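Colleague: curious how this folds, go ahead:
(chains A, B, C and D)
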There are 2 protein chains.
Amino acid sequence: MPATRTPSDVDTRTRIVTAAAGLMQRGGYQTMSLKQIGAEASVSGGSIYHFFPGGKEDIAVAAVIHADEEFADFLRSSLATREDPADAVEACAEHLARRLEESDWVDGCPLTATGLESVGRSDAIRSAVAAAFEHWSTVVADRLVEGGLDRSRAATLGTTVVNSLEGAEVAAQMTCDAGPLLTSGRHLAELVRAVS
Amino acid sequence: MPATRTPSDVDTRTRIVTAAAGLMQRGGYQTMSLKQIGAEASVSGGSIYHFFPGGKEDIAVAAVIHADEEFADFLRSSLATREDPADAVEACAEHLARRLEESDWVDGCPLTATGLESVGRSDAIRSAVAAAFEHWSTVVADRLVEGGLDRSRAATLGTTVVNSLEGAEVAAQMTCDAGPLLTSGRHLAELVRAVS
DNA sequence: GTCTATAATCTGATAGAC
DNA sequence: GTCTATCAGATTATAGAC
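Modeller: Sure thing, here's the model as predicted:
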């Protein structure tokens, strides 16, 4: 996703949400300012409050929901590139690594920083992030069941796959190196292949 | 680690650093203000700049280095509670889960949020966080070698263990549930037990 | 719906007395 | 070394014209 502004032919509310999601991806909630959102969405300051009377927190919740659905789509399509479920998980890690490197290591998970910043400050944001993580876990779990795995094994593996890729992506961003993600992908594939 | 202020019988610089590390743990870099640091460390505003002429960024780098060493100690002692390397990794996840729950899900990794916020903004902070992650990975890898694993296998497993626990801890904080950490611990133990 | 103007507050940082 | 006082700028949010 290049750093272009949101096109102006989509409705104002959507432009605000996508701009906020992008800014949260590059630095989290506190780093993002309403001024920046207005600039990237081509919406002047006060207008933002017409769509989001709850202010910045409201925008963040909407942006989290937006990012949730967007990444779920990415997950589904990425997991569909290979037939074998273990290969699919490994391919997913590779796609994540490629996407991250192409953005110069800045476009990681749009939710991690925001979620951590919201702990003890905004239950609305925190629980929206929690819902997204759980959603992604079920997307992976469903794909594993489809690939022949036992449902309960698939459920726990789903959360581990999502959380491990999450952590590995952070490490990749810190070191500007795809290594952690690729290594994680291989290890997760190992786990999916294991019988128990 | 309870939310008490730093005792005043340690030197001023150390009080500033530990206060900053604690604040970064609960909300990251941008959420932390110099005013808060001064209050928690019982140091009035201007004095902070006597020890950290580089300002907030300088303090953050020192706090990252402090948290690096502190968590490395935790890792070493936690990994020493079991003889079998796989059991040691699983115990480590359990200790992490207990510590997190005891803090009401707020005292997670002191570096994740700060690291993500620093991407594209402060190379000094970002590379300090990267060094900490790599340090922790070698601590785990050394313990795995000590437990009989092949050195190259131990090296890659070390990064996966650290990054997976990292991601699982974030998920645990979001859901206020130890589940993700415990599940991750079991899966990582499985990986350590696997031959290849 | 969208805009400009502005209020009220907080921010990081500096200067200078002691 | 530590303090108080203060600067200049940014922040979220609101009011009201169009």
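
Colleague: and for the residue in chain A positioned nearest to chain B, the neighbour number?
Modeller: Chain B sits closest to residue A:167 of chain A, with a gap of 2.8 Å, by C-beta to the nearest C-beta. C-beta coordinates here come from the backbone N, C-alpha and C atoms, glycine included. Counted by other C-beta atoms under 10 Å in any protein chain shown, the residues lying close to residue A:167 total 32.

Colleague: residue A:55 now?
Modeller: 11.

Colleague: next: residue A:98.
Modeller: Counted with other C-beta under 10 Å, residue A:98 comes out at 12.

Colleague: can you check residue A:32 too?
Modeller: 26.

Colleague: just to revisit the earlier point, now for the residue of chain A closest to chain B: which residues touch it?
Modeller: Going by C-beta atoms under 8 Å, 6 or more residues apart in numbering or on different chains, residue A:167 touches A:184, B:162, B:163, B:164, B:165, B:166, B:167, B:168, B:170.

Colleague: highest neighbour count among those residues?
Modeller: Highest count within the contacts of residue A:167 by other C-beta under 10 Å belongs to residue B:167, 32 neighbours.

Colleague: report pLDDT for that residue.
Modeller: With respect to pLDDT, residue B:167 scores 99.

Colleague: what does residue A:187 give?
Modeller: Predicted confidence (pLDDT) for residue A:187: 98.

Colleague: skipping adjacent residues, who's closest to the one residue in chain A that gets nearest to DNA strand D in space?
Modeller: Nearest to DNA strand D, among the residues of chain A, is residue A:55, at 2.5 Å (C-beta to the nearest atom of the strand). Nearest residue to residue A:55 in three dimensions, chain neighbours excluded: residue A:49, at 6.8 Å (C-beta to C-beta, 6 or more residues apart in numbering or on different chains).

Colleague: kindly report the same for residue A:164.
Modeller: Closest residue to residue A:164 apart from its sequence neighbours, by C-beta to C-beta, 6+ apart: residue B:164 at 4.1 Å.

Colleague: my read: that neighbour touches residue A:162, true?
Modeller: No. Using C-beta atoms under 8 Å, residue B:164 makes no contact with residue A:162, being 10.7 Å away.

Colleague: how about stretch A:9-23: buried residues?
Modeller: By 16 or more other C-beta atoms under 10 Å in any protein chain shown, the buried positions in stretch A:9-23 come out as A:12, A:13, A:15, A:16, A:17, A:18, A:19, A:20, A:21, A:22, A:23.

Colleague: and what of stretch A:52-70?
Modeller: A:52, A:56, A:58-68.

Colleague: what of stretch A:107-115?
Modeller: With burial defined by 16+ other C-beta under 10 Å, the residues of stretch A:107-115 counted as buried are A:107, A:108, A:109, A:110, A:111, A:112, A:113, A:114, A:115.

Colleague: now look at that stretch and say if it contacts DNA strand D.
Modeller: No. Using C-beta under 7 Å from any atom of the strand, stretch A:107-115 never reaches DNA strand D; the gap is at least 12.7 Å.

Colleague: and the contacts of that stretch?
Modeller: For stretch A:107-115, using C-beta under 8 Å, 6+ apart, the contacting residues are A:1, A:21-22, A:24-29, A:31, A:60, A:63-64, A:67-68, A:71, A:99-100, A:125-126, A:129-130, A:132-133, A:166, A:169-170, A:172-173, B:28, B:112-113, B:116-117, B:119, B:170, B:173-174.

Colleague: so which of those residues sit within helices?
Modeller: A:21-22, A:24-25, A:28-29, A:31, A:60, A:63-64, A:67-68, A:71, A:99-100, A:125-126, A:129-130, A:132-133, A:166, A:169-170, A:172-173, B:28, B:112-113, B:116-117, B:170, B:173-174 (DSSP state H).

Colleague: next one: phi and psi at the residue nearest to residue A:55?
Modeller: The phi/psi pair for residue A:49 (degrees, to the nearest 10) reads phi -70, psi -10.

Colleague: on that earlier part again, possible to save the contacts of residue A:167 as TSV with distance to DNA strand D?
Modeller: Shown next, in TSV, are the contacts of residue A:167 (distance: C-beta to the nearest atom of the strand, whole Å):
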residue	distance to DNA strand D
A:184	34
B:162	33
B:163	31
B:164	33
B:165	32
B:166	27
B:167	27
B:168	30
B:170	23
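
Colleague: tell me the two of the buried residues of stretch A:52-70 that are most distant?
Modeller: By the measure C-beta to C-beta, A:56 and A:68 form the most distant pair in the buried residues of stretch A:52-70, at 18.6 Å.

Colleague: which one of the buried residues of stretch A:107-115 sits closest to residue B:39?
Modeller: Among the buried residues of stretch A:107-115, residue A:113 lies closest to residue B:39 (C-beta to C-beta), at 24.5 Å.

Colleague: mind checking how far the residue nearest to that closest one when sequence neighbours are not counted is from residue B:78?
Modeller: Spatial nearest neighbour of residue A:113, chain neighbours left out: residue A:28 (3.1 Å); criterion: C-beta to C-beta, 6+ apart. Going from residue A:28 to residue B:78 by C-beta to C-beta, to the nearest Å gives 29 Å.

Colleague: more neighbours: which of those two?
Modeller: residue A:28 (29 against 20).

Colleague: packing partners of the worst-scoring helix or strand of chain A on mean pLDDT?
Modeller: When each helix and strand of chain A is scored by mean pLDDT, DSSP states H and E, helix A:45-51 comes last, with a mean of 96. When contacts are defined as 3 or more C-beta pairs under 8 Å, 6 or more residues apart in numbering or on different chains; DSSP states H and E, helix A:45-51 sits against helix A:12-25, helix A:34-41.
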